[in-house]
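>>> give the three-dimensional model of this entry:
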Amino acid sequence: MIQKNRILAATAAIAFFVGASVIVSAQASTSLGSIQASLRDISQKIRPAVVEINVTEIVQQQVPQSGFPFDFGNGQGGPRSFRQSGLGSGIIVKRSGDTVYVLTNNHVVDNASDISVRLTDQRVFKATVVGADPRKDVALVSFTTRENVAIAELGDSSSLQVGDLVLAVGNPLGFESTVTMGMVSALGRRGPAGGASSYTDYIQTDAAINQGNSGGALVNIDGQVIGMNTWIAAPSGGSVGLGFAIPINNAKSAITQFIAKGRVQYGWLGAVIGDIQDTSTYPQLARDMKVEGTKGAFVLDLYKGSPADRAGLKPGDYVTAVGSTPITDANQLTQVIGSLEAGKTSSLTVIRFAEQKNLSVTIGERDDKDQVAQGKNLWPGMTVVNINDQIRQEASIPGNLRGVVVGSLVNQDTPAAIAGFRPGDVITAVNGKSVRNMMDFYRALNEGSGRNAAFQIVRDGTEVTIGLQA
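Predicted coordinates:
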C-alpha cells in the first residue's frame, strides 16, 4: 500500500510539471536565448584581439655517421642545425602609433629566431620580441601596421571569485580562434614544482585548454581579459578540465616595463624564507616560535648588507604582512616583494619571539639571473630543525641528547659551510646559552651584533666548538 501511494504521488507530480511545461519552456527559451546572445557578443568582441603566434627556432642535434659513401665529413657525424616550428596564442593589449603590442607566454617565443602573428582575418605580420621574463612566463612581442586591429580590454583579475563564468580563447592544436567555456575552479594556485615560477599565482579553470592555447585569453562575461592561459595539468597531454592562467593583474606591470625598459624589474628583500607550518619539513618549529596556525613566512637566513639586513630583520622572524597586504606563505611573500618597485620604502610586520614588531624596509632590485648575493654573505647559511623521533633515528642521535640539528647547508660558500658545519650536527649551545628548542637557538643567535657566534655541537659523540663570523 505504501509503495502504491508513492507511485501515485510521483505520477501526480509528473502530471503537474507536464501541465506547466509550456510556461516553463517559454521562460527557459527566453533565458537561454539571452545567454546565447551574450556568449556570441563576448566571442565577437574578444576573438579579433586574440592572435595566432607562429615561431621558428634553430635547434642543434647530434647526427650519427650516415655511412653514405659520398659523405665528405669526418665520418663521425656531428651537430647539425634544424629549423623547428612552434605554435601559440597571444593577446593584442596595446597600440602606440603604428606599433602593436601582443602579450604572450615566454615559453611560446623563447629562443625563437622568427616570429609571425596571424590575426583572425588571416592578416600576417612579422613580429619581434620587446621583452621576455621567464620568472612569470610572460613576454611581449610587437608588429608594425597602419591598418586597424582589435585591442583587448583588460579587466581586474582581483575581482574574480570561484564559480565565475569564463571563456578561453586561443589556437589549440592549430585550430585558430577556438572559444571554450567553463568557470573559475580555484584562485591562487601554485605552479608545478620545478616548473612554473613562484613569482605568480594562477587561476584554475575547467574551460578546455590544450597545446597551442598558451598565451591566449581567459575572459569574463564582460569580454574583458582577466587571465592569460599558460599551462594544463593532464597526464595524457590533453585537456582534462585542469587549465591554469596567469591573472592579468600579474601581467599588467610587465607590459608597461617591457615597453619602457625591455625587461621586468623585481623587488628584492634579501632573505631566505620557508613555510614552517609544514611540520614534515620543519618539525615543531612553528610551535617553538609561538606562531603555530598563524599565516606568514619564516626567515631562515639573511644576506649581509641586504635590504632585509639594513631594515633590522633577523633570522627567526616571522613575516605576516608587507604594508597592508597579509602574507599567507613564503610563496606569496616572494610575489609581493617582487611586485614592489626598487627604491621604494615599505613596512614589514613580523613576529619576533612571540611579539609583533613593525620594520621599515627600502626594497632593493633583484638581478636578472636571481644571483642577487653571494653565499659567503648569507647568515648563518644553514637550516636548523628540531630533533624528532624520525630524525633521531636517521641521524643516530642518542636519546638523551637535547638540542637542534643542522638539516642542510644552503651552499658550500656560506659561513656555516666554511666553518665546517655538517648536516646532522647537533647544536647544544650558542654563545654559552643552552639550546633545547628553536626559540632558544634563534634567541641566542641574534644576541649582540648577530654576526658572531660560538656554537657547541655534538658530532658522532664528540663535543666540538665552532666559531662563526659573517
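
>>> the residue positioned nearest the centre of the chain and residue 344, how far apart?
When C-alpha atoms, centre = their mean is applied to the chain, the residue found nearest the centroid is residue 198 (3.0 Å). From residue 198 over to residue 344 the distance is 21 Å, taken as C-beta to C-beta, to the nearest Å. (C-beta placed from N, C-alpha, C; glycine too.)

>>> then residue 209?
For residue 209, the distance to residue 344 - C-beta to C-beta - is 36 Å.

>>> one more: residue 380?
Distance, residue 380 to residue 344, by C-beta to C-beta: 29 Å.

>>> more neighbours: which of the two?
Each of residue 380 and residue 344 has its neighbours counted (other C-beta atoms under 10 Å); residue 380 has more, 27 against 10.

>>> where does the more buried one land on pLDDT?
Per-residue pLDDT puts residue 380 at 90.

>>> ok, and the closest non-adjacent residue to it?
residue 416 (5.2 Å; C-beta to C-beta, 6 or more residues apart in numbering).

>>> name the SS class of the one you found, please.
At residue 416 the chain is in helix, as set by DSSP: H, G, I helix; E, B strand; the rest coil.

>>> could you do the one 5 residues further on as well?
Using three-state DSSP as the criterion, the local structure at residue 421 reads coil.

>>> and it, how many neighbours does it have?
24.

>>> my guess is it meets residue 384, correct?
No. If you go by C-beta atoms under 8 Å, residue 421 and residue 384 don't touch, sitting 9.6 Å apart.

>>> between the two, which contacts overlap?
Taking C-beta atoms under 8 Å, 6 or more residues apart in numbering as the contact rule, the neighbours common to residue 421 and residue 384 are residue 406.

>>> need the helices for the stretch 1-150 of the chain, in chain order.
Remark: helices assigned in the stretch 1-150 of the chain by DSSP state H, counting those that start in this stretch are 2-19, 21-46, 106-109.

>>> report the rounded mean pLDDT for the shortest one.
To tie it back to what came earlier, the one meant is helix 106-109. Mean predicted lDDT for helix 106-109 stands at 94.

>>> could you dump it to PDB, C-alpha only?
Coordinates of each C-alpha in helix 106-109 appear next as PDB, following Å, rounded to 0.1, in the frame of the first residue of the first chain:
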ATOM      1  CA  ASN A 106      57.700  33.500 -22.500                       C
ATOM      2  CA  HIS A 107      57.800  29.800 -23.400                       C
ATOM      3  CA  VAL A 108      55.900  30.500 -26.600                       C
ATOM      4  CA  VAL A 109      58.600  32.800 -28.000                       C
END
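
>>> now do that helix: everything it contacts.
Against helix 106-109 from outside (C-beta under 8 Å, 6+ apart): 53, 55, 86, 88-90, 115, 129, 132-134, 136-139, 141, 214-215.

>>> below-threshold pLDDT in the stretch 101-250 of the chain: ranges please.
193-197 (pLDDT under 70).

>>> let's see 90
Along the stretch 101-250 of the chain, segments meeting pLDDT under 90 span 111, 113, 135, 174, 190-199, 232-241.

>>> that one: strands as residue ranges?
Listed in chain order, the strands of the stretch 101-250 of the chain (DSSP state E, counting those that start in this stretch) span 114-118, 124-133, 138-144, 165-170, 178-189, 202-205, 217-219, 225-232, 243-247.

>>> winner for burial among these?
With neighbours defined as mean count of other C-beta atoms under 10 Å, these peak in mean count at strand 217-219, which reaches a mean of 31.

>>> check which helices and strands it sits against.
helix 21-46, strand 165-170, strand 225-232 (3 or more C-beta pairs under 8 Å, 6 or more residues apart in numbering; DSSP states H and E).

>>> let's see it at 6 Å
On a contact count with 3 or more C-beta pairs under 6 Å, 6 or more residues apart in numbering; DSSP states H and E, strand 217-219 meets strand 165-170, strand 225-232.

>>> if anything else comes up later, I'll come back, but that's it for now.
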